[in-house]
Each structure stands twice: as structure tokens, then as C-alpha cells.
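> I would like to see how this sequence folds:
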Amino acid sequence: MAKREALRELQSRLAERLQQARTEVRAVSWLAVEVHGLGLLFPLPTAGEIFPVGTLLPVPHTQRWFMGVANLRGGLHGVVDLAAFLGLRPPIARDAVREQARLLALNARTGASCAVLVDRLAGLRSAEQMQPEPDDATAARPNFAATRWRDPAGRVWQEIDLAALARHDQFLAISA
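Model (predicted):
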């Protein structure tokens with residue numbers, strides 16, 4: 001008899017938790033980075049590992065923003081200078097990369113074996129810390145530029161959909 005009551009109580013608690021899980025809004029979190037003074041937010045599910053900038057092997061006849069390939073944990077990854085790709089500054093020379101710069105590998109689920117060069121990491125952010133910015137319908141933005149957010153200090157951050165970036169025609173067209 002006691003076992004039956006305990007089983008019913010357990011089932012009741014599980015049903016409550018399942019209902020809560022269905023109704024709860026999952027918290028959105030991002031990896032915040034800076035690229036030539038611009039704050040960018042990368043959704044954690046599409047961001048991969050972070051690496052120090054090591055040896056980059058040049059690849060001839062590629063776009064200037066394509067820095068080359070790097071061996072990251074035994075896999076070859078194409079490396080894109082994100083600031084140069086976005087048109088924020090001219091491409092940076094491999095030997096002029098700052099010490100705080102990092103390579104952010106895209107998650108393998110994006111289907112791309114590549115990494116982007118960012119100037120510096122700025123920590124983690126969550127939707128609870130940010131307010132969405134009104135969308136400017138007149139501004140042309142690429143499909144990988146998602147929502148813009150404002151933090152409590154008033155700084156605007158641009159969310160970047162890394163999966164969409166990995167499928168973007170210009171991003172894929174590395175040959176010069």
C-alpha cells in the first residue's frame with residue numbers, strides 16, 4: 001500500500017515537472033565577443049570551442065579575409081578574420097594578431113569546419129540581462145545578423161546566427 005502511494009506521488013511530481021518544462025521559456029544565452037569595437041553575441045548552441053591564435057597556414061588564391069587554416073584539436077579548420085569579413089577594417093596580418101584575440105570554432109552541428117578570429121572575449125550574456133532593440137526595417141542586414149540587444153550599461157550588441165553565417169554565400173566563397 002505504501003509503495004503504491006509513493007509511486008503515485010512520484011508520478012504526480014514527474015507530471016508537474018513535465019508540465020513546467022513545457023511552459024517554461026528556455027533562457028537564451030550567448031558568448032559575447034568584441035570585433036573591432038563592435039559587440040557581438042554568438043548563441044551558445046552554435047558556438048564551439050575557443051582557442052588561442054596559433055599557427056595559421058596561408059592558403060593561396062583566397063579572399064583577403066580568409067586567414068588560412070589551423071589545426072584545432074587535430075582537425076583542419078578554415079580561419080576567417082571576422083572583422084575583415086564584416087567590412088569593419090582591412091584584413092589583419094597573421095603576425096599582427098593581438099594577444100587577447102581568440103579563434104572561435106563553429107560548433108560541428110553547423111556543418112562547417114571553420115573558426116572566426118575575434119579581437120577579445122567579453123564573457124557570457126543571457127536574455128534576462130538584455131533588452132531587444134527595435135528593428136530598423138530600412139537597414140539592410142545579412143540573414144546571419146539576428147536581433148540587436150542593449151545591455152544595462154546602454155551598449156548595443158548584435159546577435160550573430162553562426163549556423164546562418166556558415167551557410168552564407170559570401171562566407172562560403174573563399175576563393176579570390
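> what's the spacing between Thr110 and Pro45?
According to C-beta to C-beta, to the nearest Å, Thr110 stands 10 Å off from Pro45. The way it works is simple: take the backbone N, C-alpha and C, and place the C-beta from them, glycine included.
> who has more neighbours, the two?
More crowded of Thr110 and Pro45, by other C-beta atoms under 10 Å: Thr110, with 20 against 12.
> OK, contacts around the nearest residue to the more buried one once chain neighbours are set aside?
Spatial nearest neighbour of Thr110, excluding adjacent residues (C-beta to C-beta, 6 or more residues apart in numbering): Ala166 at 4.3 Å. Applying C-beta atoms under 8 Å, 6 or more residues apart in numbering to Ala166 gives the contacts 106, 110-112, 114.
> out of those, which are buried?
Buried members of those, counted by 16 or more other C-beta atoms under 10 Å: 106, 110, 112, 114.
> return the member of those nearest to Leu57.
Distances from Leu57 to these, taken as C-beta to C-beta, are shortest for Cys114 (14.0 Å).
> distance of that closest one from Asp135?
In terms of C-beta to C-beta, Cys114 sits 28 Å off from Asp135.
> same check, this time on Arg120
Distance from Arg120 to Asp135, counting by C-beta to C-beta: 27 Å.
> also Arg167?
Per C-beta to C-beta, Arg167 is found 22 Å from Asp135.
> and the strands in the protein, which stretches?
Secondary structure of the chain (DSSP state E): strands at 29-35, 38-43, 47-52, 66-72, 75-81, 102-106, 114-118, 120-126, 131-132, 145-150, 156-160.
> so which of these is the most surrounded?
Comparing the strands of the chain by mean neighbour count (mean count of other C-beta atoms under 10 Å), strand 114-118 ranks first with a mean of 26.
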